[in-house]
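Enquirer: No letters, just coordinates:
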């Protein structure tokens, strides 16, 4: 057997064996990994739209996915919006929930971020940041309050920035405002339709 | 604009070496002389660009359609390995001085995390084809920038009274640390 | 009569009277007006911060010299004192003392001694210390107090540049008046606020030819042009070049840090590129970056480029014909 | 089923594809390298000292294979390496007499006067440029350039201001010979015992004036052994070591300035110890 | 060639030929994932898994492989094990998988693994290769543990998530950021060489 | 109009006031002279006399063995005591002819030529060569060689170098003040020998009176006096040519590459005397100065006079003198042996007491050496390359272009012996080159 044909055969064989082996691994783990991913989304939706029982993905594009959620009576509660925007270092991936009229933000949660630990990364911190986002009026674009003030002093559509991490706070704000605008225009254009029966 | 952002970000903000710690081996190994650093940088940029193209094609034309994402690692590394070997043989044949200068680090491009990291990150970030290519070129330029700057500094440090235990990799890592501190200045530039 | 013995040495046999300790001393002297100004504006906080940084810097230097068996007399060259002073001057007045000491230790240890001590370092030691602190304690390093001459009721206080960046001060017409910037009657790093005091010291250095005037001139020029273009285009959004020149660490950076001999290029052309680069980066970071202030990063970044600059801008030798590129 | 078949097929095809590429590359782009070069380079000490006259161990290996350099051309490796190299090339090892470096000066601190206080770069080469701080223009300057050059830790500065060579550690790489600006270190076969410890070309009185241990060209040694030693340029010179007979050595050692004589090896005590170990008379 | 006692084959990985501190291999994961001890541990376990099993396989099949496709074959072997590790973590430890991000797949290009296959397993018996792989893994783990401990304690005041420094301590955030990784490893390298010099001298 | 000068360079303290107004005195020939056979650039001369010979002043005692060498002549009449090794101001003892002065000063001067301007160029050059003239500025390059450039390098300009940029030295200044006609005539001879068009006599503006005096004596239209801004090292050939003519001598080239011949005023006078009177170079003017000399003077000295004799004539050395320099303070060579003689290239003898050596610091990269190097070099980088043995880099950065003027070390605040490092590098690199060739 010539050297060349041995080279070809060995490498092909190694490839085939590894392919076989990996397919097994892949099949064995696929379901679980998929489930993990779904659970993450599921949990996030429940976080941002309290009391959500079921959800339906109604629109998807890059870095912008919209779900409608229903409560245990099957009524539509609102939207959960999965979106991402550029932060201080890298993308900030977040999800927030609004009511069906898009007048109110229920809650906000950060799914992935690479902001400066101890500083920008406080956007994941409930006390420092997220709590200001609860039940905000979003019929107008939200505003950032800097330097931060006491929660009682915040206006209906004002949220506090994080001291020293204005950029990260602004990034979240800008992402949310942009997503809201996009959602509204999508609804206006009829790309997204919400009818009670449209779901399940 | 989005493309420019990816490009600048890959060079300055999320620099492969200084932020992702990718390509540290050649970064430490081939940064002793500016000339070889430049050729190493160019070699890496070149391989990165090709890798970006080929890995995107494999990923989007074969792996994703057939639901084989779990073969990413194996297939990417195979592409890179063969690609590098081809480049190596080519350089060895066409430019022995260049081959001498890069020495054993050319085969090390195979195990250069920067190349593999590029393929993986591009897949992870879900870039489209053009974005992937820009990302590849930008990362290569970023790597080149870092390694050439480092080589300049190390050439100067050859003439400095660096404490014996820190000579070589130790001081290079400290310099890299301070460089990374400096590069923080660019944070937040891409909005 | 005892036989006369003579010194054997290589020419030349004359020397200019300037020496390393004299140069360092002149830098220290030139910093004193700004030190005095900071003590006036921030009182005891300034004093203790200076003491902490000086002690940290000098002790670290001494430890390293002893460990490396170098003559302790090298300590007398005064460079550690300068590093300590400069570091303190770039810290917020409210910084905790232990943090200031960490900064001083890092400045000398990682910024200077690991490279072999004075003359061998690549980066400006004080700025290495400052950058380390900035990254280690981002909140403490961006929390400001007003000078004692300004009584303000809010708990926190923004620097003029922070105000510009985060409060959109130009549009809000809350930009710090130039007069306050010039006298130093505003918040900011300890020794950075008073442009006047810094300029007095800087003038002394320029007059004494300790520093190369081309470096500050280049920085000021390129920053003015950069910010000027934006200001002329959108005066409602961008601050004037003069505001940029007088605010933040620009003056101390341009005159006292970028001019650090060890970390600036040795070639005349390299020096000019270096200076223009710093000014440009300051503008870039202040206008488009995440941080309100970019002097420190700009100088550190240009420090990394210096070896390449030295290499690529070697002066033309007399009689040398260079191939046209 | 597809789930298993597709990956196997993909991987197999990928493997096939790239192995074909590699085969192609192997056939078309291969650069021949002589395996002997690799083998020899592996054996060499990798000190890359350049004593062989090539730019490093690898370059030497290439030269040996080409036949440009002798198999025993690596003085550092000594006979052992020479034998191994030769066996790779299929040659018999050429005999190699061990050589060591020796200093041709006895201008100790007390013997040789200084010109005056020297200020400047403290290396021999630099001092030599301004004539050196010693009055003698030929003798050892004592800043230890040779010691710095030695890669084998075989030299150290003695209390008398002259470098001492540990002949056991010396590999005759010749780096000290190169380093010395006054060319007063030479390689000698280790069994050569008589050497001239002076290189001064000054005429007798002038030489004597600047150094007590200088050769003053009096000719006593020449008279003791006219066949082996001559006077040349005010200096005694051993022209043929083999002609110096053992019985002539005492007469040679009558040198008034001790500028010629037996080499001092290690101190007597150490000498005794080594003798014991070797268990036979020297 | 191999004539060392087996015990030495094992211990050399810990100090004398420690892959990180001595051979400066596998720096990317070393620097990237040591911002917390838990990440360091996960990474070293995953790496050890890949290293040990690859060594096993390579040492067993070394005779079948022509040297020209040696590297390519090794890589496939290694990549297969890395994929297993990656999928396993993603399936059963999603948070860690997320933390380590692309660095688990990047084990495939960790110079330690290919380096050991090239330098050792391809030339030695299965048993010897296994011992070598265990030693190297342990050395790698040790290094990662030291580095991540320093970084986590100084950078967050915690160790494995437990508060170890009092509330007086204000964490040095830099330590868990890239510059901190470079600086810590640089200084650590210096210290290790210093210790080694002291040891050599005392011998 | 702004006076011309060259870029960069330094302004060291002058020190010329010590001796500027001291007229040239004649030092009586000593009882014994030691005339080294190697006083010039190039190979040593071969002795023509032996012990016991009786010789005349001006008699040729050493013959140049090669083109780049010069003959040596007796500076006194008398008897040859020895032809033997003798201490030399440049270092190693070299072969020297010791002559016991018989006090007669009987001369063997060649025939005088009443109208030297009518001589052919070849004859002028022959007489210059016979007289053993070398450059008296310090480098001691054989003058006859300089006067006969290759045929393909036509000379258009003669520069007479009266800059005397070295501090303390005033011998050239005194020559210009006391012998202006001779210098002008000598310059004219050089012009005739090289067939050049114009002559520029360059004088720095700290010697304006000499310049005015020279200008007043000039009748010819092709001779000019150019006053330059005082700066060191104006007298270095390449810088002088750049300052006066804006021409750059190419790297590794010589002045004739740009059509120029530069001669020092002392050499010019010696050329005049050699051609007009057939007088060989056996004496020269030197400045003896410095705070260690009680009576600073400008002296006309016979070649071969021991330093001790010269110093004694100026009142001996003051107490505490620890530094004796032959030449100027910027490029001169330290002396330790007072038996060493004055040679052709000796322009001055300076003595003072130096304070203890100042601490040498590590380079702080202030760049002052770069700022001042007249050759456009980067001395600190060169010194470091050399210190760490990066010979290729040092050469690439132009170490061989260094003229060792000392501007870098003068301005170095860290007191680094830059010139010594660079000389070390030059020596090592040339040695390596010889080895590989």
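Expert: In hand now; what should we look at? Computed from a prediction, not measured in an experiment: that's the story for all the values here. Numbers count the residues shown, from 1 in each chain, chains lettered A, B, ... in the order given.

Enquirer: Now the longest helix anywhere in chain B: buried residues?
Expert: In chain B, with assignment by DSSP state H, the single longest helix is helix B:129-157. Across helix B:129-157, burial judged by 16 or more other C-beta atoms under 10 Å in any protein chain shown covers B:131-157. For glycine as for every other residue, the C-beta is placed from the backbone atoms N, C-alpha and C.

Enquirer: Over to stretch D:184-191?
Expert: D:184, D:185, D:186, D:187, D:188, D:190.

Enquirer: now it: mean pLDDT?
Expert: Stretch D:184-191 comes out with an average pLDDT of 86.

Enquirer: does that stretch come close to chain F?
Expert: No. Using C-beta under 8 Å from any C-beta of the partner chain, stretch D:184-191 never reaches chain F; the gap is at least 14.2 Å.

Enquirer: Going along the chain, name the helices of the stretch 101-250 of chain F.
Expert: Assigned by DSSP state H, counting those that start in this stretch, the stretch 101-250 of chain F shows helices spanning F:121-130, F:143-147, F:171-178, F:180-194, F:208-217, F:237-245.

Enquirer: got a pLDDT number for residue C:323?
Expert: pLDDT, residue C:323: 59.

Enquirer: what does residue D:95 give?
Expert: Model confidence at residue D:95 (pLDDT) stands at 53.

Enquirer: now do the one 3 residues further on
Expert: Per-residue confidence (pLDDT) for residue D:98: 77.

Enquirer: So the closest residue to it other than its chain neighbours versus residue C:107, what's the distance?
Expert: What sits nearest to residue D:98 in space, not counting adjacent residues and going by C-beta to C-beta, 6 or more residues apart in numbering or on different chains, is residue D:190, at 4.9 Å. For residue D:190, the distance to residue C:107 equals 55 Å [C-beta to C-beta, to the nearest Å].

Enquirer: Output the below-cut-off pLDDT ranges for chain B.
Expert: Within chain B, the stretches with pLDDT under 70 are B:1, B:98, B:100-111, B:190-191.

Enquirer: For the chain, give me the ranges with low pLDDT.
Expert: Just going to use chain A. A:1, A:194-200.

Enquirer: Not quite, go with chain E.
Expert: E:1-4, E:203.

Enquirer: State which helix of it is the longest.
Expert: Longest helix in chain E, counting by DSSP H: helix E:126-156.

Enquirer: circling back: looking at the helices of the stretch 101-250 of chain F, which is closest to chain E?
Expert: helix F:237-245 (46.8 Å; C-beta to the nearest C-beta).

Enquirer: What's the first helix or strand after that closest one?
Expert: Going down the chain from helix F:237-245, the next helix or strand is strand F:260-264, by DSSP states H and E.

Enquirer: who touches that next one?
Expert: F:135-137, F:143, F:146-147, F:149, F:155-162, F:172, F:186-187, F:190, F:194, F:196, F:235, F:237, F:240-241, F:245, F:247, F:249, F:255, F:271 (C-beta atoms under 8 Å, 6 or more residues apart in numbering or on different chains).

Enquirer: And residue E:107, how close does it get to residue E:50?
Expert: Going from residue E:107 to residue E:50 by C-beta to C-beta gives 5 Å.

Enquirer: who touches both of the two?
Expert: Contacts common to residue E:107 and residue E:50, judged by C-beta under 8 Å, 6+ apart, are E:78, E:82, E:85, E:113.

Enquirer: Which strand or helix spans the last one?
Expert: Residue E:113 is part of helix E:111-116 when elements are defined by DSSP H and E.

Enquirer: when you scan that helix, is anything in it near chain A?
Expert: No. On the criterion C-beta under 8 Å from any C-beta, helix E:111-116 is out of touch with chain A, staying 14.9 Å away.

Enquirer: on that earlier part again, now the helices of the stretch 101-250 of chain F in TSV, with mean neighbour count and distance to chain C?
Expert: Formatted as TSV, those follow (neighbours: other C-beta atoms under 10 Å in any protein chain shown; distance: least, C-beta to the nearest C-beta, whole Å):
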stretch	mean neighbour count	distance to chain C
helix F:121-130	19	27
helix F:143-147	24	18
helix F:171-178	24	18
helix F:180-194	23	21
helix F:208-217	16	23
helix F:237-245	23	6
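
Enquirer: Between these, which one is closest to residue C:315.
Expert: Residue C:315 lies closest to helix F:237-245 among those, at 14.3 Å (C-beta to C-beta).

Enquirer: Give me the nearest residue to residue E:38, chain neighbours excluded.
Expert: Closest residue to residue E:38 apart from its sequence neighbours, by C-beta to C-beta, 6+ apart: residue E:160 at 6.0 Å.

Enquirer: Isn't that neighbour up against residue E:42?
Expert: No. Counting by C-beta atoms under 8 Å, residue E:160 does not reach residue E:42; the two are 11.6 Å apart.

Enquirer: what about the two, which has more around it?
Expert: Between residue E:160 and residue E:42, counted using other C-beta atoms under 10 Å in any protein chain shown, residue E:42 has the larger neighbour count: 22 against 13.

Enquirer: what packs against the one helix or strand the more buried one maps to?
Expert: Using DSSP H and E, the element containing residue E:42 is helix E:37-61. Secondary-structure packing of helix E:37-61 (3 or more C-beta pairs under 8 Å, 6 or more residues apart in numbering or on different chains; DSSP states H and E): helix E:70-92, helix E:94-100, helix E:111-116, helix E:126-156.

Enquirer: and the angle from that helix to helix E:70-92?
Expert: Interaxial angle, helix E:37-61 versus helix E:70-92 (axes from the mean of the first three to the mean of the last three C-alpha atoms, to 10 degrees): 140 degrees.

Enquirer: buried stuff in helix E:37-61?
Expert: By neighbour count on 16+ other C-beta under 10 Å, the buried set for helix E:37-61 is E:37-59, E:61.

Enquirer: Kindly report the same for stretch F:344-360.
Expert: Neighbour-count burial for stretch F:344-360 [16+ other C-beta under 10 Å]: F:344, F:345, F:346, F:347, F:348, F:349, F:350, F:351, F:352, F:354, F:360.
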